[in-house]
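Chemist: The sequence isn't on hand, but the structure is:
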């Protein structure tokens, strides 16, 4: 994403509160999106594999972004 054009379609990014992957804070990516954008922090000990660890929150994001 460092050199790519901004994402212009609606997007929701998600992060688990126990994500052990080394990464920039999600707020640092905000400028990579030019369309409707939202970031969601999923709590409750959720790690890097959101579809398996938080399936309801993941499914809700898929449904919600369709309404952006």
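Modeler: Cool, got the structure. These numbers were taken from a predicted model, which means no experiment stands behind them. Numbers count the residues shown, from 1 in each chain.

Chemist: CA atoms for contacts and neighbours, from now on please.
Modeler: OK.

Chemist: Spatially central residue for the chain, please.
Modeler: Nearest to the geometric centre of the chain sits residue 13, at 1.3 Å (CA atoms, centre = their mean).

Chemist: So what pairs up with it in the strands?
Modeler: residue 39 (DSSP bridges).

Chemist: can you tell me which residues contact it?
Modeler: 37-40 (CA atoms under 8 Å, 6 or more residues apart in numbering).

Chemist: Which one (most neighbours) among those residues?
Modeler: Tallying neighbours with other CA atoms under 10 Å puts residue 37 at the head of these, with 18 neighbours.

Chemist: ok, that residue touching residue 8?
Modeler: No: in this structure residue 37 lies outside contact range of residue 8 using CA atoms under 8 Å: 9.3 Å.

Chemist: Now flag whichever of the contacts of residue 13 is closest to residue 56.
Modeler: In terms of CA to CA, no member of those lies closer to residue 56 than residue 40, at 13.1 Å.

Chemist: Within its local environment, how many residues does the nearest residue to that closest one once chain neighbours are set aside see?
Modeler: The spatially closest residue to residue 40, leaving aside those adjacent along the chain, is residue 14, at 4.8 Å (CA to CA, 6 or more residues apart in numbering). By the criterion of other CA under 10 Å, residue 14 has 17 neighbours.

Chemist: oh, and call the first residue 54 from now on, that's how I've got it
Modeler: Got it, first residue is 54 now, which makes that one residue 67.

Chemist: Just the pLDDT for residue 77.
Modeler: At residue 77, the model reports a pLDDT of 69.

Chemist: let me fix that: residue 71
Modeler: Predicted confidence (pLDDT) for residue 71: 92.

Chemist: shaky segments in this structure?
Modeler: Scanning the chain for pLDDT under 70 picks out 54-55, 77-78.

Chemist: Which parts of it are strands?
Modeler: 64-69, 90-95 (DSSP state E).
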